[in-house]
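A.B. asks: what's the 3D shape of this:
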Amino acid sequence: MLTKTINRFYKKAEAVADDSGSGWRVHLDGRAVKSPAKAEFLLPSEVLAQEIAAEWEAQGEKILPHTMPIMQRAATAIDRVAHHRPMVIGEIVGYGRSDLLCYRATFPEDLIERQAKAWQPLLDWAQSDLGVALAVTEGVMPIDQDDQALLRLQDHVEGLDDYYLTALHGLTTVSGSVIIGLATVKGHIDAQKAFECAMLDDEYAIEQWGDDAEAVIRRDRHKAELLATGRYLGLLPS
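C.D. replies: Predicted coordinates:
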C-alpha cells in the first residue's frame, strides 16, 4: 500500500486503455503508474482507472496516500492479495468461526431485539443463498461452527477474483463479520448498511452512556473504511 507523503511530480493524471486491450492504466504526464511494489498496475475497468486518476489529479503540492482510498485498495489487490491468496482466504474464512453476528447480548432486552432485527436476516440470507448456516449463541464464550458450513463459506470466498477478494478482506476485518462482508460484496446490502450492522453495539453504547472520544474516532474511521470499500466495489466489473 501507499504509505509515504511525497511531493507532487506530475501535472496531469488520466485513465488510458492499455495497448493490449486487456485493461486500463493510470498515466501521470503520459507515463503509466506502477504499484507501490513496482508491479504492473493494470486495472480491470475503465471507471476504476478513472476514479484512481481523479484521486491523483486531486492531490496538491504533496501526495497524501490516505486521501487515495481507491488507489490503496487496487494496489493491495495487485501487490498483496494476488501473491498471498491462500493466506488472505484463510484470514477471511477464519472469521466464520467467530463471526460478530453469531454472538448476541444476554441483556438488556432492547439490545437483544436490536441485534436480532439487524443481524438475523443476514444469517438467514447466508443460509438460504449461500448454503452457509452458522450457529448463534448468547454471550462471548466461543462455540463450534459446522465444518461443512465453513467449507461452503470457503468455496464462496475462493470464487472471488483478487479485486473482489481485497474488498471482502477489508469489509470482513473492519466489521468483524464475514457474513456482513459477503452480503456487501454480493450486493445484498450496501456499505452504509454494513456499517450500521457492524457498529450496532457501539452505537447502542453511545446512546446509553454518551459519546466517548475514542469510540467516536473508531466509529468514524470504520465508517470511512467501509464506505470507501463500497465505492471501490461499485467500480469493479460485475
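A.B. asks: and the contacts of the top helix by length along the chain?
C.D. replies: Counting residues, the longest helix found in the chain (DSSP state H) is helix 213-234. The contact list for helix 213-234 (Cβ atoms under 8 Å, 6 or more residues apart in numbering) reads 48, 51, 69-70, 73-74, 164, 167, 170-171, 174-175, 184-185, 190-192, 194-195, 198-199, 202-203, 205-206. Placement of C-beta: from N, CA and C, glycine included.
A.B. asks: 7 Å instead?
C.D. replies: Applying Cβ atoms under 7 Å, 6 or more residues apart in numbering, the external contacts of helix 213-234 come out as 69-70, 73, 167, 170-171, 174-175, 184-185, 190-192, 194-195, 198-199, 202, 205-206.
A.B. asks: separate out the buried members of these.
C.D. replies: By neighbour count, with 16 or more other Cβ atoms under 10 Å, those hold 69-70, 73, 167, 170-171, 174-175, 184-185, 190-191, 194-195, 198-199 as buried.
A.B. asks: which of the residues you listed fall in helices?
C.D. replies: Those of the buried ones among the contacts of helix 213-234 mapping onto helices are 69-70, 73, 167, 170-171, 174-175, 184-185, 191, 194-195, 198, per DSSP H.
A.B. asks: biggest separation within those residues, which pair?
C.D. replies: 70 and 198 (20.7 Å; Cβ to Cβ).
A.B. asks: what pLDDT does the model give residue 1?
C.D. replies: With respect to pLDDT, residue 1 scores 46.
A.B. asks: oh sorry, the question was meant for residue 226
C.D. replies: For residue 226, the pLDDT comes out at 98.
A.B. asks: ok, for it, nearest residue in space, not its chain neighbours?
C.D. replies: Among residues not flanking residue 226 along the chain, residue 195 sits closest, at 4.6 Å (Cβ to Cβ, 6 or more residues apart in numbering).
A.B. asks: related to what we said a few turns ago, quick check, nearest of the buried ones among the contacts of helix 213-234 to residue 13?
C.D. replies: residue 70 (12.7 Å).
A.B. asks: pretty sure the closest one sits against residue 51.
C.D. replies: Yes. The criterion here is Cβ atoms under 7 Å, and residue 70 meets it with residue 51 at 5.0 Å.
A.B. asks: residues shared between the contacts of these two?
C.D. replies: The contact sets of residue 70 and residue 51 overlap at residue 235 (Cβ under 7 Å, 6+ apart).
A.B. asks: now do the contacts for the residue nearest to residue 226.
C.D. replies: Counting by Cβ under 7 Å, 6+ apart, the residues that residue 195 touches are 222-223, 226-227.
A.B. asks: among those residues, who's most crowded?
C.D. replies: Neighbour count (other Cβ atoms under 10 Å) singles out residue 226 as the most crowded of the contacts of residue 195, with 26 neighbours.
A.B. asks: measure it to residue 145 for me?
C.D. replies: Per Cβ to Cβ, to the nearest Å, residue 226 is found 24 Å from residue 145.
A.B. asks: likewise residue 206?
C.D. replies: Applying Cβ to Cβ to residue 206 and residue 145 gives a distance of 30 Å.
A.B. asks: surely residue 105 touches residue 112?
C.D. replies: Yes. Applying Cβ under 7 Å as the test, residue 105 and residue 112 come out as touching, 5.4 Å apart.
A.B. asks: output the below-cut-off pLDDT ranges for this structure.
C.D. replies: Along the chain, segments meeting pLDDT under 70 span 1-3.
A.B. asks: which helices and strands sit right next to the host helix or strand of residue 122?
C.D. replies: Residue 122 belongs to helix 109-125 when elements are defined using DSSP states H and E. With contacts taken as 3 or more Cβ pairs under 7 Å, 6 or more residues apart in numbering; DSSP states H and E, helix 109-125 sits against helix 178-185, helix 191-198, helix 200-209.
A.B. asks: right, I'll call it a day here.
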